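A.B. asks: dropping the sequence and predicted coords here.
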Amino acid sequence: MGIKIERLVLRHIRMPLVHFFETSFGRTYERDIILVEAICGDISGWGEVTAGENPFYNEEWTGSIWPLLIDYVGPRILNHDLASPEDVAPRTAHIRGHRMARGGVEAAIWDLQARLNNEPLWRTIGGGARDQIPCGVSIGIQNSVDELLAKIETELADGYQRIKMKIKPGWDVDVVRQVRTRFPDIKLMVDANSAYTLADTNHLKRLDEFYLMMIEQPLDHDEIIDHATLQAALETPICLDECIRSAHHAEQAIRLNACRIINIKLGRVGGFAEAKRVHDICQANGIPVWCGGMLESGIGRGHNIALTTLPNFVLPGDVSASKRYWARDIIQPPIEVTSEGTIVVSKCPGFGYEIDGDYLENLVVRRETLM
Ligand code: OSB
Ligand code: MG
């Protein structure tokens with residue numbers, strides 16, 4: 001039972017965050033998100049492009065997504081007979097990079113397939129290993145250590161199972177020490193978003209005394225080999241994020257011992273088909289994975305929940321409640337976290353939540369229908 005995409009509706013929406021989010025590469029106050037609605041007959045599937053507002057996490061940004069989808073991805077996907085959503089990625093594989101743009105369309109078509117099958121997305125992608133997913137939070141760089149400590153306190157009170165804090169040169173060892181002193185027993189990790197080089201090896205070794213679960217992406221965004229050198233010098237496990245854009249990268253990083261954990265992001269690897277391949281390679285090699293976040297709206301968040309039901313997502317991910325990001329989310333009901341720090345996986349068709357269509361339309365800054 002194949003699918004033919006008759007229309008792709010692109011919406012660029014703008015949503016203010018309830019609190020700014022700061023990483024080593026900058027601060028975000030407001031999200032500019034591109035949503036993809038893939039239409040077949042009277043059924044719509046929804047996807048979210050997870051690129052940021054600037055090309056600082058990777059090379060993609062909201063501004064690159066729009067022309068890429070209109071000029072390259074749309075024409076290669078529309079009105080073709082697709083035997084399954086697995087056929088979407090190969091049709092755009094000769095486009096270099098731009099995995100988030102391609103992945104947003106791919107995810108929309110998986111969601112469409114799930115809705116055509118009248119089943120939850122997690123079933124369509126072959127997940128379903130758990131009916132609740134373990135959740136952590138990613139806490140940005142704050143204006144003061146006191147603010148960071150207060151935020152951690154609030155997140156722990158809400159039940160979250162692990163705390164990730166962002167670090168950068170000047171906001172690292174001393175801040176982590178204060179967090180560890182105050183919270184000696186929590187599951188704690190750090191994420192550097194590529195802010196260091198091998199010249200910082202001795203400095204990064206000082207983090208070993210804090211028995212962190214992992215240090216995420218300390219070195220350059222496309223540098224697997226230096227991570228292997230650093231991992232050999234550190235006790236703390238390295239987790240790769242930015243470096244892993246494909247299953248092939250995962251295989252190379254594992255072969256070189258460049259990391260002991262991998263963060264899988266749907267957009268970064270170009271969609272569900274590649275995310276599953278990364279998952280499978282990690283599983284076969286005893287490398288645990290968790291689902292990363294890109295400050296998604298409820299649509300991308302719903303996709304992340306489905307992804308996290310694959311068996312090797314054994315560590316708490318950066319998939320957390322809607323209210324941590326948005327005064328009002330674009331889905332109904334908003335995503336909530338239990339007092340045990342889990343999200344109960346929806347059994348509704350598709351990604352499991354309703355689009356709040358009226359509210360969504362209020363947020364649209366531009367729209368384009370491709371057919
Ligand atoms: O490196 O994981 C990251 C947000 C934007 C860009 C990169 C990252 C992040 C996060 C936020 O850590 C995770 C989330 O809460 O969505
Ligand atoms: Mg990261």
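C.D. replies: Right, received. Where do you want to start? Ligands and ions are numbered 1, 2, ... in the order given.
A.B. asks: only C-alpha atoms from now on, for both contacts and neighbour counts.
C.D. replies: Will do.
A.B. asks: what distance separates the strand ranked longest in the chain from the centre of its chain?
C.D. replies: Criterion DSSP state E: the longest strand present in the chain is strand 7-23. In this view, strand 7-23 has its centroid 14 Å away from the chain centroid, taken as Cα atoms, centre = their mean, to the nearest Å.
A.B. asks: and it, what's buried?
C.D. replies: Judged by neighbour count using 16 or more other Cα atoms under 10 Å, the buried positions of strand 7-23 are 7-15, 17, 21-23.
A.B. asks: CA atoms of it as CSV?
C.D. replies: C-alpha atoms of strand 7-23 as CSV (Å, rounded to 0.1, in the frame of the first residue of the first chain):
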residue,chain,number,x,y,z
ARG,A,7,0.6,18.6,-1.5
LEU,A,8,3.3,19.8,1.0
VAL,A,9,2.3,22.8,3.0
LEU,A,10,5.2,24.7,4.6
ARG,A,11,4.6,26.9,7.6
HIS,A,12,7.2,29.1,9.2
ILE,A,13,6.0,29.9,12.8
ARG,A,14,7.5,32.1,15.5
MET,A,15,7.1,31.1,19.2
PRO,A,16,8.7,32.9,22.2
LEU,A,17,10.4,30.6,24.7
VAL,A,18,9.3,31.0,28.3
HIS,A,19,13.0,31.3,29.3
PHE,A,20,16.0,32.1,27.0
PHE,A,21,18.2,29.1,26.2
GLU,A,22,22.0,29.6,26.1
THR,A,23,24.6,27.2,24.8
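A.B. asks: list of residues touching it?
C.D. replies: 27-40, 74, 78, 139-142, 166-168, 192-193, 324-327, 360, 363-371 (Cα atoms under 8 Å, 6 or more residues apart in numbering).
A.B. asks: and it, which strands flank it?
C.D. replies: In the sheet, strand 7-23 lines up against strand 26-40 (antiparallel), strand 364-370 (antiparallel) (DSSP bridges).
A.B. asks: which one of those lies closest to ligand 1?
C.D. replies: strand 26-40 (8.7 Å; Cα to the nearest ligand atom).
A.B. asks: list the contacts of the closest residue to ligand 1 within the stretch 101-250 of the chain.
C.D. replies: Here the residue of the stretch 101-250 of the chain nearest ligand 1 is residue 138; by Cα to the nearest ligand atom that distance is 5.0 Å. With contact set as Cα under 8 Å, 6+ apart, residue 138 has these partners: 163, 164, 165, 166, 318.
A.B. asks: report the secondary structure state of it.
C.D. replies: Counting by DSSP: H, G, I helix; E, B strand; the rest coil, the backbone at residue 138 sits in strand.
A.B. asks: now it: closest residue in space, sequence neighbours ignored.
C.D. replies: Once flanking residues are discounted, residue 138 sits nearest to residue 164: 4.7 Å by Cα to Cα, 6 or more residues apart in numbering.
A.B. asks: surely the one you found meets residue 192?
C.D. replies: No: look at residue 164 against residue 192 with Cα atoms under 8 Å: they stay out of range, at 10.4 Å.
A.B. asks: spell out which parts of the protein neighbour ligand 1.
C.D. replies: The interface of the chain toward ligand 1, taken as Cα under 6 Å from any ligand atom, is made up of 57, 138, 193, 292, 293, 294, 295, 296, 318.
A.B. asks: keep only those of those residues that are in helices.
C.D. replies: Residues of the residues of the chain next to ligand 1 located in helices (DSSP state H): none.
A.B. asks: count of neighbours near residue 327?
C.D. replies: Around residue 327 there are 11 other residues, counting by other Cα atoms under 10 Å.
A.B. asks: how near is it to ligand 1?
C.D. replies: Going from residue 327 to ligand 1 by Cα to the nearest ligand atom, to the nearest Å gives 15 Å.
A.B. asks: let me see the ranges of the strands in the stretch 51-200 of the chain.
C.D. replies: Applying DSSP state E, counting those that start in this stretch to the stretch 51-200 of the chain gives strands spanning 81-82, 132-134, 136-139, 162-166, 187-191.
A.B. asks: pull up the pairing partners for the fourth one, direction included.
C.D. replies: I take that to be strand 162-166. Under the rule (DSSP bridges), strand 162-166 has strand 136-139 (parallel), strand 187-191 (parallel) as partners.
A.B. asks: redo those as JSON lines? Include mean pLDDT and distance to residue 62.
C.D. replies: JSON lines is the format used below for these (pLDDT from 0 to 100; distance: least, Cα to Cα, whole Å):
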{"stretch": "strand 136-139", "mean pLDDT": "98", "distance to residue 62": "22"}
{"stretch": "strand 187-191", "mean pLDDT": "98", "distance to residue 62": "23"}
